[in-house]
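Novice: Sequence first, then the predicted structure, then my questions.
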Amino acid sequence: MDVVVVESPTKARSIAKYLGDGFEVLPSFGHVRDLPEKNGSVKPERDFEIVYELLPEKRKRIEEIARSLRNAERLWLATDPDREGEAIAWHVVAALAEKGVLEGKDIRRVVFHEITPRAVQEAMRHPRAIDRQLVDAYQARRALDYLVGFTLSPVLWRKLKGSRSAGRVQSVALRLICERESEIERFVPREYWTIEAWLETARGEPFRARLYALDGRKLDKFALPDEKRAQAARIRVENAQLAIQRIARRRANRHPAPPFTTATLQQEAARKLGFSAERTMRVAQRLFEGVDLGGETVGLITYMRTDSVHLAPEAVRATRELIGERFGRSYLPERPRHFRTRAKNAQEAHEAIRPTDPWRLPDRVAPFLDDDQRRLYELIWRRTVASQMASAELERVSVAIGDEGQKVVLRATGQTVVFDGFLRLYQEDRDDPAPEDEVEDETSLPALVEGEVVRHRQVEAKQHFTEPPPRYTEASLVRTLEELGIGRPSTYASIISVLQERKYVRLENRRFVPEDLGRLVNAFLTNFFEHWVRPDFTAELEAQLDAIAAGEIDWRRVLRNFWEPFYERVAEVSEQRVAGIIDALNEALAPKLFPPRADGSDPRACPACGEGRLSLKFGRFGAFVGCSRYPDCRYTRKFGESPEGAGAARRERLLGVDPATCEEVWLRFGRFGAYVQRGSGDAAVRCSLPPGVDPESLDLARALQLLALPRRLGTDPETGEPVEAGINRFGPFVRRGTTFVRLPPEEDVLAIGINRALVLLAGAEGSGSGRRKRGIARRLGAHPNTGKPVEVVEGRFGLYLRHGRERARLGKDEDPATLTLDRAVERLAAEAGAAGHGGRQRNAGRGRKRTGTTRTSPTAESRRARRSRG
C-alpha cells in the first residue's frame, strides 16, 4: 500500500478512484507548517534562518498520514503544480521527518495539470524529486512578506493611529488605486462639440455622418470648443449641397483571443459574470478538483493558476475535431493556432486554463453543476474553443460626403461581418467603453454611389465633455497588476481581498474607491517608503523570485539586498516625531485636505477663529482636520470633507413634492443617520438612506423610490411566499415571510432582483420578530467519511457548522447560502485539530498556575493561506 498526499478531500476522492486499491489518498488541507505569528520567525542576523512550526490545526492530519505511512513502501506527493504546491509537499516531508516515519521510504513527487484518469496515470509513471529551487522561491517570498509585515506595520501603528498593517504587494496595489483617485480629483473637464447629420439617399435610405473637415482643415477633437462655433458649423452643414465624393472599402480580419490565463479568467469573469477574483478562483478550484458526473468523478478544467496561454497538442486536436464537426470546415483554420505568453516570466504552470475534454459540452454537464460552476465552465469552454476557430472577416466602409468645393466634408463609416468565424461563439468584453463620439459606427451603410446627391434629414450640434480616467474595476486592476509584473496568478485574488478586509478600499458600483484610511496609509508609505512601494521595484523583485525558481540566483542574496536598506529606512522613520510625520502628510494630502478657496484666501486658515492653522489630527475615531489653537478653538471637520460641507453635511432640505400625494419630501437627520420623510406628524412616512448614498447628492426621484419600500420582488417558487426588499433601522434587507437577511454592502436594495434575493434567503429561517430562529439553517449534505449530515446551525452566538459532536464556527465573511460541503468539511477538520491540541494543553496545565491561554481561530488556516499566497 502506497500513501498519496494531496491538498483537499475533493481532490483526494477523485484521485483515489483513478489509482485503485493499492493506494491510500489523504488530504493535507493545504499548508501544514508556517511561520509563527511573532517576531523572530525570520532571523536576518543568522543569514535569514527561517523557523517553521506545525500548525496546531494540522497535527491531526500529519498524525493520520504518519500512521498510514508506517506500513507503506512509498510516499507520493501530489500537491498542485506551482510553487505553493511544491512548498506544501516540502512541508509535509519535513513534518513527517520529525515524526521519524520516513526512514527507508521512497519519496516521489508527481504533478498533473488536470484531474482525469489519463493525466493522473501518466503523472504516476513520471515521478521526480521535490524541486528545491521552487521551494527556495517560495521561502524567499514568504520571508519578504513576513519581514515587511512585522517590521513596517508596527511603525505604521505608532505613527498613524487606526491603521491596520502594510503588505509588500498590497501596498503597491493600494498606491495604484489612490493615485487613480487623485487623477480623478485633479481632472478638469474640457468642453467640445461635434456635428452629426442624418442624411438620406434619393431612395429615402437614411444613414448617419459626422462633420470631418471645414474649409480644407481636418477638425480635431477640440476644433469646436463652444456652442457658438458649433452652431455656426451646423448651419454651414445644413446649407451645403452634399454629394458622395469618395467611397473606400477594405477587408479586415479579427482574430480570437488566446485561451484563459488566471488573470484573463478573472477579468472576463468579472466583466461577463460579475464575479469577484476570489469567487472566480473558488469556483475554478471546484471545477479543477472534480465533479461527479452521474457516477464518474472527473476534473472539468485544467489547473487554474497559470500565466501560460499554451494548449497541449492533444487538446488542440480534440478542439479542432469538435469545431469541424459542430460548426463546419469553414470555421476551422488551416493550421492550429499557437499563442505566445505576454506576461513577464510566465512560470506557474505549463498550460492555459481549458476544459479537460472539449466534448464535455456545457449543456451536457450543466445538470451536475451549480449555477456558478455552470456559468464559469461555459465561459472557459467558449473561450478555449473560440481560440482555435477561424478569424472573423469584416468589411469596413468609409464614405466622404461634401459640397462642390469641398468646403464642408462629412464622413460616414460602416461595418459588416462578412464571415463571423469565432464571433459565433465568443467575443471579449472591455472594461470601459470608449466615449460615444469616438466610436465608429459598426452598422451597415445603404448602397451608395460616388457622385450621388444626398439630402439632409436632421443636423445636430452635440455637446461633450472630456471624462476623467475611470476607477479600477477588479478586472482592470488585475490587468494592470499583470502588465506591471506585480504579483503572480496565485496572488491576485488575495491582494484584492486583503485591501478590502483592512478597510483600505471599498467596492462602489463594482469599482474601487479608496477609503480615507487607505489614502492616509498610502500617503505615509509613498512619502517615507517610496522606493519600496514603487511598481517597478516590486516588479523587479518578482523577476528576482522567478530567477530563484530558475536556479539563477541564491534566495538569501535576494533577501540581503532587500533587507539591509529597508531596515535602515525603518529605523530612520521610527525616530521621527509624529509632528514631522503629520507635516509631511499635510503637504502630501493638501489638495484633498485644504482645497483652494473661491476668494483666494489661505486654505489652511481656520474658518472659525481666523488665527489658527488647519492640520491633520488623529483621534479615537480616526483622522480629521482641526485647528492648531485647540482647545481655544474647537473647529473640526471629517477627513476628506470639503470646507463648504463641514457645516452643510447635516443640513436638512426640502427635496420636492410627491406628485402622487402632494406632500413635501424632506431630507432629515436623526439618531441613526440620514433619512427621507414624506408628510408630517403621525402620518409621516420615513426611510433611512442605504449605506453609500451621499445625502448631498440625493434627489427627489431617488427619495420617492426609497419611500416606496418595501418593494415586492416576486414569489418564492417553492413556498409560494412573497419576497420583498426594504430598509429598517439595521439597514437594507430581503424578506420572505418571517425570514430576514441583511443585504451585503455591494447589493443595491433598489436594484436587487428575485433570483439574487432567493440565493441570499436560501436556508435562512426566521420568526415574526425579524430575528432568525435558532436551529438548522441549512443542510449541506453527508460527510464523506462518516455519512452523517453536515449542517449550518443558528446558535445563541451566531452561525456554526455541526457534524455529530463536532462544531466549527462560521467566520463573518462566510456566506452560509454559498458555503459548500467541501469547505465545511475543511473547517470542521481544522476546528477538530485545534480543539484536540488545546485539550492536551489544558490537561497538561492542570495543577499549575494559569499564566495565559492561546486559542486558534477556526479561520487561522485560511488567513495563513491568504498571506502565503499574497
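Specialist: Alright, I've got the coordinates.
Novice: Other residues contacting the helix or strand where Arg560 lies?
Specialist: Assessed by DSSP states H and E, Arg560 sits inside helix 555-575. The contact list for helix 555-575 (CB atoms under 8 Å, 6 or more residues apart in numbering) reads 44, 47-48, 136-137, 139-140, 143-144, 147-148, 151-152, 155, 158-159, 528-529, 531-532, 541, 544-545, 548. Just so you know, the C-beta spots here come from the backbone N, C-alpha and C atoms, and that holds for glycine as well.
Novice: and with 7 Å instead?
Specialist: Taking contacts as CB atoms under 7 Å, 6 or more residues apart in numbering, the residues outside helix 555-575 that touch it are 44, 47-48, 136-137, 139-140, 143-144, 147, 151-152, 155, 528-529, 532, 544, 548.
Novice: In it, which residues are buried?
Specialist: By 16 or more other CB atoms under 10 Å, the buried positions in helix 555-575 come out as Trp555, Arg556, Val558, Leu559, Phe562, Trp563, Phe566, Arg569, Val570, Val573.
Novice: Check which helices and strands whichever helix or strand comes after that helix is in contact with.
Specialist: Remark: after helix 555-575, the chain's next helix or strand is helix 578-588, criterion DSSP H and E. Identification of packing neighbours for helix 578-588 by 3 or more CB pairs under 7 Å, 6 or more residues apart in numbering; DSSP states H and E yields helix 516-528, strand 614-619.
Novice: So which bits of helix 578-588 are buried?
Specialist: So, applying 16+ other CB under 10 Å, buried residues of helix 578-588: Ile581, Ile582, Ala584, Leu585, Asn586, Ala588.
Novice: do the same with stretch 369-383
Specialist: Neighbour-count burial for stretch 369-383 [16+ other CB under 10 Å]: 369, 372-383.
Novice: just stretch 11-23 next, same as before
Specialist: Lys11, Ala12, Arg13, Ser14, Ile15, Ala16, Tyr18, Leu19, Phe23.
Novice: Surely Leu152 touches Ala166?
Specialist: Yes: between Leu152 and Ala166 there is a contact under CB atoms under 7 Å: 4.7 Å.
Novice: of the two, who's got more company?
Specialist: Ala166 (27 against 23; other CB atoms under 10 Å).
Novice: mind checking the backbone torsions on the more buried one?
Specialist: With angles defined as degrees, to the nearest 10, Ala166 sits at phi -130, psi 140.
Novice: separation between it and Phe150?
Specialist: 10 Å (CB to CB, to the nearest Å).
Novice: now Gly20
Specialist: Taking CB to CB, one finds Gly20 at 47 Å from Phe150.
Novice: repeat for Ala78
Specialist: Applying CB to CB to Ala78 and Phe150 gives a distance of 33 Å.
Novice: neighbour count winner among those two?
Specialist: Between Ala78 and Phe150, counted using other CB under 10 Å, the more crowded position is Ala78 (27 against 17).
Novice: got the contact list for the more buried one?
Specialist: Val4, Val5, Val6, Ile15, Val110.
Novice: Give me the buried positions along the lengthiest helix in the chain.
Specialist: Secondary structure of the chain per DSSP state H: the longest helix is helix 132-159. Neighbour counts using 16+ other CB under 10 Å place 133-152, 155-156, 159 of helix 132-159 among the buried residues.
Novice: Same question for stretch 158-167.
Specialist: Neighbour-count burial for stretch 158-167 [16+ other CB under 10 Å]: Lys159, Leu160, Lys161, Gly162, Ser163, Arg164, Ser165, Ala166, Gly167.
Novice: CA atoms of that stretch as CSV?
Specialist: Taking Å, rounded to 0.1, in the frame of the first residue of the first chain, the C-alpha atoms of stretch 158-167 are listed here in CSV:
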residue,chain,number,x,y,z
ARG,A,158,2.7,54.1,16.1
LYS,A,159,2.7,56.9,13.6
LEU,A,160,-0.8,56.6,12.1
LYS,A,161,-3.4,55.8,14.7
GLY,A,162,-6.2,53.5,13.3
SER,A,163,-4.1,52.0,10.5
ARG,A,164,-4.1,48.2,10.2
SER,A,165,-0.9,46.9,8.6
ALA,A,166,1.2,47.1,5.4
GLY,A,167,1.9,44.4,2.9
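Novice: Okay, now the unreliable bits of this protein?
Specialist: Along the chain, the model assigns pLDDT under 70 to residues 342-349, 430-442, 620-621, 642-651, 670-673, 763-776, 796-797, 812-813, 833-870.
Novice: hmm, back to that, the contacts of Ala78 in strands, which ones?
Specialist: Val4, Val5, Val6 (DSSP state E).
Novice: if I look at the first one, how far off is Asn71?
Specialist: Plainly put, Val4 is 14 Å away from Asn71 if you go by CB to CB.
Novice: Looking only at neighbour counts, state which of those two leads.
Specialist: Val4 (24 against 9).
Novice: Ser28 is in contact with the more buried one, correct?
Specialist: No: Val4 is not in contact with Ser28 according to CB under 7 Å; the separation is 10.9 Å.
Novice: so who does Arg712 touch?
Specialist: Pro722, Glu724.
Novice: Helix or strand for it, just tell me which one.
Specialist: Going by DSSP H and E, Arg712 is in strand 711-715.
Novice: returning to that earlier point: tabulate the buried residues of stretch 369-383 in TSV, adding columns for distance to Gln677 and secondary structure.
Specialist: Output for these, formatted as TSV (distance: CB to CB, whole Å; DSSP: H, G, I helix; E, B strand; the rest coil):
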residue	distance to Gln677	secondary structure
Leu369	48	coil
Asp372	41	helix
Gln373	46	helix
Arg374	45	helix
Arg375	42	helix
Leu376	45	helix
Tyr377	49	helix
Glu378	47	helix
Leu379	46	helix
Ile380	50	helix
Trp381	53	helix
Arg382	50	helix
Arg383	51	helix
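Novice: May I have the phi/psi pair for the closest residue to Tyr492 other than its chain neighbours?
Specialist: Computed as CB to CB, 6 or more residues apart in numbering, the closest residue to Tyr492 that is not its neighbour in sequence is Val478, at 5.1 Å. When read as degrees, to the nearest 10, the backbone of Val478 gives phi -60, psi -40.
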